[in-house]
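Peer 1: A structural model of the following input is requested.
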Amino acid sequence: MLKFYYSRLSVNARRVWVTLLEKNLEFEPILMKLSGDQFQPEFLKLNPFHHIPVLVDVGFSVFESLAILDYLEAKYPQPSFMSSNAQEIAKIRTIELITVNELPPASIVLMKDMLEFEVPSPQIEKAKATMATALHYFEANLDDNSPYFIGDKFTYADIVAGTAVASIPFLGISLDPYIKVSKWLDNLQQRASWQQTAPTPEQIEQSKAVMKAILQKRS
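Peer 2: Below is the predicted model of the structure:
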């Protein structure tokens, strides 16, 4: 059976979790406490960079969330969340990479500000600008008459961007100006996989002390 190492507050883990549920795969969820579980020797054998998520499939360990999604798509292709059309593949990959490359650095700055770290104002403004650029791009690539980035087809573009965008309001960024993004996200949040993997407000509040300690250690 697949083993899935995750935390409920990890956006990277959530996109894998949603995929496992959407593909109706049987797996063993292994909840990690990021106050130290990720540094245990047994876990470091699976991922020497001490990050989640990690997927283990009969002794084969995969980490980095996009690599895990590629693995799941190749080994368990039905239902498929990738297109065979060249332009659509490029669009899906672009949305994935914007999400994993552009949003996390901005999110860390805004999270530090939210947790009352001393963050220079120019860094905060730059982070907000990055968020706005990404959200404007997503807005421009959604259609008023289609529920997903690729028309009626639910793809990894929706999974990867959708799980990340869902966390943006917690950083003090309103999605109200982005009408199509808001509608798209509302639609995703009706899916059982989104509802099952969403952290509760209590879990988010309880995680703040852990997040603050992690950010202090990185500083």
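Peer 1: Only C-alpha atoms from now on, for both contacts and neighbour counts.
Peer 2: Noted.
Peer 1: mind checking pLDDT for Glu139?
Peer 2: What the model reports as pLDDT for Glu139 is 98.
Peer 1: looking at it, it is touching Leu175, isn't it?
Peer 2: No: using C-alpha atoms under 8 Å as the test, Glu139 is too far from Leu175 to be in contact (10.5 Å).
Peer 1: which residues do those two both contact?
Peer 2: Taking C-alpha atoms under 8 Å, 6 or more residues apart in numbering as the criterion, Glu139 and Leu175 both touch Val181.
Peer 1: So Pro77 lies in a strand, does it not?
Peer 2: No: counting by DSSP: H, G, I helix; E, B strand; the rest coil, Pro77 falls outside a strand, being coil.
Peer 1: helices or strands up against the host helix or strand of Asp186?
Peer 2: Assessed by DSSP states H and E, Asp186 sits inside helix 179-188. If contacts are counted by 3 or more C-alpha pairs under 8 Å, 6 or more residues apart in numbering; DSSP states H and E, helix 179-188 sits against helix 121-140, helix 156-165.
Peer 1: okay if I get those helices as CSV plus mean neighbour count?
Peer 2: Formatted as CSV, those follow (neighbours: other C-alpha atoms under 10 Å):
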stretch, mean neighbour count
helix 121-140, 16
helix 156-165, 24
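Peer 1: returning to what we had before: so the helix holding Asp186 versus helix 121-140, what angle?
Peer 2: 70 degrees (axes from the mean of the first three to the mean of the last three C-alpha atoms, to 10 degrees).
Peer 1: C-terminal to helix 179-188, which secondary structure element comes first?
Peer 2: Next along from helix 179-188, by DSSP H and E: helix 192-197.
Peer 1: what's that next one packed up against?
Peer 2: helix 11-22.
Peer 1: Please put the alpha-carbon coordinates of the helix it packs on into CSV.
Peer 2: Extracted C-alpha coordinates of helix 11-22, given in CSV (Å, rounded to 0.1, in the frame of the first residue of the first chain):
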residue,chain,number,x,y,z
VAL,A,11,0.1,23.2,0.8
ASN,A,12,2.7,21.0,-0.9
ALA,A,13,1.3,18.0,0.9
ARG,A,14,-2.3,18.9,0.3
ARG,A,15,-1.9,18.9,-3.5
VAL,A,16,-0.7,15.3,-3.3
TRP,A,17,-3.4,14.4,-0.8
VAL,A,18,-6.1,15.8,-3.1
THR,A,19,-4.6,13.8,-6.0
LEU,A,20,-4.6,10.5,-4.1
LEU,A,21,-8.3,11.1,-3.2
GLU,A,22,-9.3,12.1,-6.7
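Peer 1: May I see the helices and strands packed on helix 179-188 arranged in JSON lines, with distance to Leu46 as well?
Peer 2: Output for these, formatted as JSON lines (distance: least, C-alpha to C-alpha, whole Å):
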{"stretch": "helix 121-140", "distance to Leu46": "32"}
{"stretch": "helix 156-165", "distance to Leu46": "23"}
